[in-house]
Structures are given as structure tokens and as C-alpha cells.
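> need a structure here:
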Amino acid sequence: MRTISLLFAIALACSLAAAQTKISISGKCVPGESHSIEAGDHPGHVYTVSRFTCTYTKPFDIAGLKSKDFGGAGFQEDDGNKVREDHSSAVGSMDNGDKYYARAQRTITAKDEKSGIGHGTWNYTGGTGRLKGLKGGGTFKCTPEGDCDLEGEYSLPSK
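Numbers count the residues shown, from 1 in each chain. All right, here's what the predicted structure looks like:
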């Protein structure tokens, strides 16, 4: 679920115009296929690759387009009670079929893990159609249940 929350955060983001525009997005992510492999160097050191799908509970508009859906995949490293790194990539669709691409990352400490709250940063890595050249990024916070809130800014190239 941790990777899903992270991935949702990546996918949540999508909006651009010539100047930076602030965005606030919310959504819910559910886990999909997941595979874990023990690193073998010591107990509890595991790498996991997972897929996820998300729905917007607070959709957004970019360049006159409405957000539709998104999903992606990511990996995480669990090392017992030590720090865990999460990285994910996502693809989102707009109502006209244009797509946006995003990435997210976070580092989790044992204290964060006990609170059940995940947080990190995300950024846009591009888009298609009217979202070509999409840039931006921000922060996210997710619950263990997959409810995520994202804040940030975006911009699109001037035409």
C-alpha cells in the first residue's frame, strides 16, 4: 500500500500554462500486482515492485482538459527498521485522450512508518497533445488506506 500511495501521488499531478499555476488534487489508490524478493544480505531486506490504479476524489483541469484516470508502477526497498526508499512512475489520461507522465519519490523512516502517513515529492516528466512540455512538481501526503492529497505547481510552454 505504501508504494501505491506514492504512485498515486505521482499520478495525481497534471496541469500547465505559460506561468506556474498552483494545483491541489486528491485521490484514492488501490494496489495491483506485486512481487517481492529478499535481498539476502540480512533479514527484512526486501525489494518490491508493484502496480497501482487510482481514481480522483478531487479531479483537476489543465489546458482546458479534465482529468480522467491514472495508474502506474513503482518499487520500494524495505530494510527492517531502517530507511525505506520508494520510487514510482505514473501515466494519467485526460478527457480528450491526452496523457501526462509523472514520477514520485520518498524516504520513510521507522518513525514515519509507525504514524502510517507517507509523504514525499512528485514531478511531471512530460505529456502528449496539449500537455506536451508539461513541467512542475510539489509534495504529497498519503494515508495507509491509499487516500492522497497533492499540492504543487505546473506550467505549459507558451504557444
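
> pLDDT weak spots in this protein?
Along the chain, segments meeting pLDDT under 70 span 1-19, 81-83, 109-117, 159.

> Name the residues of stretch 93-111 that come out as buried.
Residues of stretch 93-111 classed as buried: 93-94, 98-106, 108 (neighbour count, 16 or more other CB atoms under 10 Å). The way it works is simple: take the backbone N, C-alpha and C, and place the C-beta from them, glycine included.

> which stretches of this protein form helices?
2-12, 110-115 (DSSP state H).

> For Asp86, see how far away Asp78 is.
Note on Asp78: its distance to Asp86, by CB to CB, to the nearest Å, is 10 Å.

> For those two, work out which one has more neighbours and name it.
Neighbours per residue (other CB atoms under 10 Å) separate Asp78 from Asp86, with Asp86 holding more: 25 against 20.

> The more buried one bridge partners, please.
Gln76, Arg106 (DSSP bridges).

> Quick check: the gap between it and Ser50.
In terms of CB to CB, Asp86 sits 10 Å off from Ser50.

> what's the answer for Thr107, then?
17 Å.

> okay but Gly127 is in contact with Ala102, surely?
No: taking contacts as CB atoms under 8 Å, Gly127 lies outside contact range of Ala102: 9.4 Å.

> OK, contacts around Val49?
The contact partners of Val49, taken as CB atoms under 8 Å, 6 or more residues apart in numbering, are 34-35, 73-75.

> now do 6 Å
35, 75 (CB atoms under 6 Å, 6 or more residues apart in numbering).

> Bridged to it, which residues?
His35, Phe75.
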